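[1] give me coordinates for this.
(chains A and B)
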Amino acid sequence: MSNTPDPILEGLQRGWKVLGGKHGALPERITCDVAIIGSGAGASITAELLTKAGLNVVIVEEGPLKSSTDFKQREPEAYASLYQENAGRKTKDKGITILQGRSVGGTTTVNWTSSFLTPPDTLKFWQDKFGLKDYSVEALAPYFEQAQTRLNIEPWAVPPNENNELLRRGAAKLGIKAEVIPRNVKGCHNLGSCGMGCPVNAKQSMLVTTIPFALDHGATLLVETRAEKLIIENGRITAVQCIAVRPNASPVNAAAAPTTVVAKHYVLAGGAINSPALLMRSKAPDPHQRLGSRTFLHPVAITTAVMGRTVAAWTGAPQSIYSDHFLHTQPVDGPIGYKLEVAPLHPVFFGANLPGFGEKQAELFRQYPNANVMLALMRDGFHDQAVGGKVELRADGSPLLDYPLTDYVLEGARRSMLAMAQIQFEAGATMVYPGHELAAGTSTWAATKAAIEALPMKPLLTKIGSAHVMGGCGLAATEKMGVTRPDGQHWQLENLSIHDGSIFPTSIGANPQLSIYGTVNRLAQGLAKRLSGKEVTLA
Amino acid sequence: MHRPPHLRRRSFLKLGIGSAIVLAVAGGTIALMKPGLVEGKLSPSARLVLTRVAQAMLAGTLPAEPDRQKRSLDALLQRTDAFLVGLPVHVLAELDQLLGLLASAPGRRWLVGLSASWEDATAAETYGALKSMLASGTELRIQACQGLHDLVMVPYFSGEESWAVLGYPGPTPV
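    Take a look at the predicted model:
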């Protein structure tokens, strides 16, 4: 039994206003100054700032309220309770599996803590192509600095685990620069279990920072409650209808009357895929057919290596070393660039993500202590052959992302597999398995290179995952080009702001959590000023 | 022709079936199919399919000794049922159709590429058929094989018995 204090249980005992699920029945109607839909990175930064400005806030979260007492470092329970679609959300053709959070704190509760500033070339592209003149490194810097201070974001000072160190070692032998990842942690125990919820509250996720702040300052949190529909009249939202949902997202009682939340202003922050889907269900105006399009994933290609020594990739900070070498060796709008990182390996993640099966794979399973999985996060959204996916609605109103993998993206998968395999061999790999259904393991760089060059890079056969969902309600300086104004307001709905990763007009080219914190920090400070007249800051 | 509700053609097509061969299978099979899931759990025929698939996919990983292997497979299928509980309704509908189709003789023959019955199929025959699905170039056959892979691997590695196979020491106590 853990002796770690649980700030959520303590807050509930102090009388936090939490309803839904086991916390109490939802009321028929609830009124407030601002209704925030979602409780992830963008929603919770907004909630802290608006409550700091004295506004009465209601937060609506589809997932459950889970906290360190619940976090047992076990994948089956974590995937079922903390992730969208049991950690198996897939694109329409099932070519990409998406890891996306679904509990209070959103993906910040389960991410691997990597905290990067938005790359300057990404911001420049937004300025040049989407007219976002205020989105410069200099203009955003103070907002990023506040987020870094608030969430204790610093380069990881502890030596990397072998899983990360081997990326640095292999890259160095090839003259490729690899650097230390900044993380949002305080008193980290180096357990390696970030993806299952931090059991010691070291990760400075929204769950243990901004959400407690907002609840201590009078906010109401509705959990296991899905915002089903925005009621729109004359270019304004008049209410949001919500329903109680089960852990698998189906309604608790399909015949029950919805809970109506009435606010002066609404902030949509359910994350990419879910935010555009709510606007679609609500038949929000979309005169230029931008809604849900340009949804980006940083499609991830992988190679698995068996190293000559123990890696123990399940323990230690999951991500502490990265390389941006292959983002900077070609123009941003040239052949697709990619960021290199490694993945922590726990049994389900390892067993279910390895392509192939059978006797040969059984040998690989037994090499698990020596296994390393390298990741190439491809930077989509900067080329006309990488326009991302489009959110659709199923008949039941649930969202479905249609993301066709183009030859342009898949060519990047091949190049990145070659780079990763070479780094793995330089670092001491004895076998490398490309992430492809038709690949076999090979024991030399020459054989692996030949194998990867010969593989048919096709959707489904090439194993592609994603843990970063962005876009679908893109920012733009004109309404023809996007869904969201540069200040976060919806282009057609005057009392709606969108404050999450869905506003990014391209992918970020880096793990996106700090990009959401920084950009939303500025948007929410502006919104707080408009609604309350007060100046507030995050730190 | 009577069709049970879960086999209505409209919902059937949601599986993403595009190829003529699969439509032909579906046309001939639709009246013969039994549901893959009953009250949210694996039907008896689906349990047989997944048992054979697990024996092929986890060959060399499952215990070789028959009694121990049976206990391991029973536990695996129990975890598969538990895994199903957390899945969204749209995924369950697809799995119901997929497992129903694969359990039928035409589905087994044409979609999996397995001529022996599920009852009689050896692990080697099933392995060869599953590999042929991946190499087929047919979207539905690849999707179906990958769906089976998830249904076997996620529940298998959700069980602590896999830890000994892997050499995973379990979570660090806090």
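[2] element containing the residue in chain B positioned nearest to chain A, please.
    Distances between chain B and chain A by C-beta to the nearest C-beta are smallest at residue B:60, namely 3.0 Å. To be clear about C-beta, it is placed using only N, CA and C from the backbone, and glycine gets the same treatment. Using DSSP states H and E, residue B:60 falls within no helix or strand.
[3] now it: closest residue in space, sequence neighbours ignored.
    Here the nearest residue to residue B:60 in space, its sequence neighbours aside, is residue A:362; by C-beta to C-beta, 6 or more residues apart in numbering or on different chains that works out to 3.0 Å.
[4] can you confirm that neighbour is in a helix?
    Yes. Assessed by DSSP: H, G, I helix; E, B strand; the rest coil, residue A:362 belongs to a helix.
[5] count the neighbours of it for me.
    Residues lying near residue A:362 (other C-beta atoms under 10 Å in any protein chain shown) number 16.
[6] follow-up on the earlier one: contact partners for the residue of chain B closest to chain A?
    Listed by C-beta atoms under 8 Å, 6 or more residues apart in numbering or on different chains, the contact set of residue B:60 reads A:358-359, A:361-363.
[7] equivalent analysis for residue A:414, please.
    Taking C-beta under 8 Å, 6+ apart, one finds A:452-453, A:455, A:457 in contact with residue A:414.
[8] most neighbours of all those, which one?
    Counting neighbours by other C-beta under 10 Å, residue A:452 leads the contacts of residue A:414 with 25 neighbours.
[9] count the neighbours of residue 171 for me.
    Looking at chain A here, since you left the chain open. Residue A:171 is surrounded by 23 other residues when neighbours are defined as other C-beta under 10 Å.
[10] should've been chain B
    Other residues near residue B:171 come to 19 when the count uses other C-beta under 10 Å.
[11] and the nearest residue to it once chain neighbours are set aside, how many neighbours does it have?
    Once flanking residues are discounted, residue B:171 sits nearest to residue A:73: 3.5 Å by C-beta to C-beta, 6+ apart. The local packing of residue A:73 (other C-beta under 10 Å) involves 22 other residues.
[12] how confident was the prediction at residue A:73?
    The confidence metric pLDDT takes the value 98 at residue A:73.
[13] hang on, isn't it packed against residue A:199?
    Yes. Contact status for residue A:73 versus residue A:199: in contact at 6.0 Å, counting by C-beta atoms under 8 Å.
[14] quick one: contacts for the residue nearest to residue B:60?
    Shown in contact with residue A:362 (C-beta under 8 Å, 6+ apart): B:58-61.
[15] over to residue A:294?
    Going by C-beta under 8 Å, 6+ apart, the list of residues near residue A:294 reads A:381, A:387-388, A:471-472, A:474, A:505-506.
[16] what's the answer for residue A:519, then?
    Contacts for residue A:519 were tallied using C-beta under 8 Å, 6+ apart; they are A:118, A:135, A:140, A:143, A:503.
[17] related to what we said a few turns ago, next step: the contacts of residue A:414 restricted to strands.
    Using DSSP state E to define strands, no part of the contacts of residue A:414 is located there.
[18] which elements pack onto the helix or strand containing residue A:275?
    Taking DSSP H and E as the definition, residue A:275 sits inside helix A:274-281. Helices and strands touching helix A:274-281, by 3 or more C-beta pairs under 8 Å, 6 or more residues apart in numbering or on different chains; DSSP states H and E, are strand A:225-233, strand A:259-268, strand A:390-393, strand A:399-402.
[19] also compute the angle for it relative to strand A:225-233, please.
    For helix A:274-281 and strand A:225-233, the angle between their directions (axes from the mean of the first three to the mean of the last three C-alpha atoms, to 10 degrees) works out to 40 degrees.
[20] quick one: common contacting residues for residue A:73 and residue A:199?
    Contact criterion C-beta under 8 Å, 6+ apart; residues shared by residue A:73 and residue A:199: A:191, A:193.
[21] on the three-state scheme, residue A:534 is what?
    Judged by three-state DSSP, the three-state class of residue A:534 is coil.
[22] near chain B, which residues of the stretch 51-200 of chain A?
    Residues of the stretch 51-200 of chain A lying close to chain B (C-beta under 8 Å from any C-beta of the partner chain) are A:72-76, A:79-80, A:85-86, A:88, A:92-94, A:189, A:191-193, A:199-200.
[23] just the strands from the stretch 51-200 of chain A, written as ranges.
    Using DSSP state E, counting those that start in this stretch, the strands of the stretch 51-200 of chain A run over residues A:57-60, A:89-90, A:96-98, A:153-155, A:179-180, A:182-184.
[24] pipe those strands into a markdown table and attach mean pLDDT and mean neighbour count per row.
    Supplementary listing: these in a markdown table, determined by pLDDT from 0 to 100; neighbours: other C-beta atoms under 10 Å in any protein chain shown:
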| stretch | mean pLDDT | mean neighbour count |
| --- | --- | --- |
| strand A:57-60 | 98 | 27 |
| strand A:89-90 | 96 | 20 |
| strand A:96-98 | 97 | 22 |
| strand A:153-155 | 98 | 16 |
| strand A:179-180 | 98 | 15 |
| strand A:182-184 | 98 | 24 |
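[25] so what's the residue nearest to residue B:171 up against?
    The neighbourhood of residue A:73, defined by C-beta under 8 Å, 6+ apart, consists of A:191, A:193, A:196, A:199, B:171-172.
[26] check which residues of stretch B:77-86 are buried.
    Using 16 or more other C-beta atoms under 10 Å in any protein chain shown as the test for burial, stretch B:77-86 gives B:77, B:79-80, B:83-84, B:86.
[27] nearest residue to the middle of the chain?
    You didn't pick a chain, so chain A it is. In chain A, the C-alpha closest to the average C-alpha coordinate belongs to residue A:468, at a distance of 4.1 Å (C-alpha atoms, centre = their mean).
[28] not what I meant, chain B
    Most central in chain B (C-alpha atoms, centre = their mean) works out to residue B:148, at 4.0 Å.
[29] quick one: residue A:432 is in a helix?
    No. Going by three-state DSSP, the assignment for residue A:432 is strand, not a helix.
[30] report pLDDT for residue A:311.
    On the pLDDT scale, residue A:311 gets 98.
[31] surely it and residue A:368 touch.
    No. Between residue A:311 and residue A:368 there is no contact under C-beta under 8 Å: 9.0 Å.
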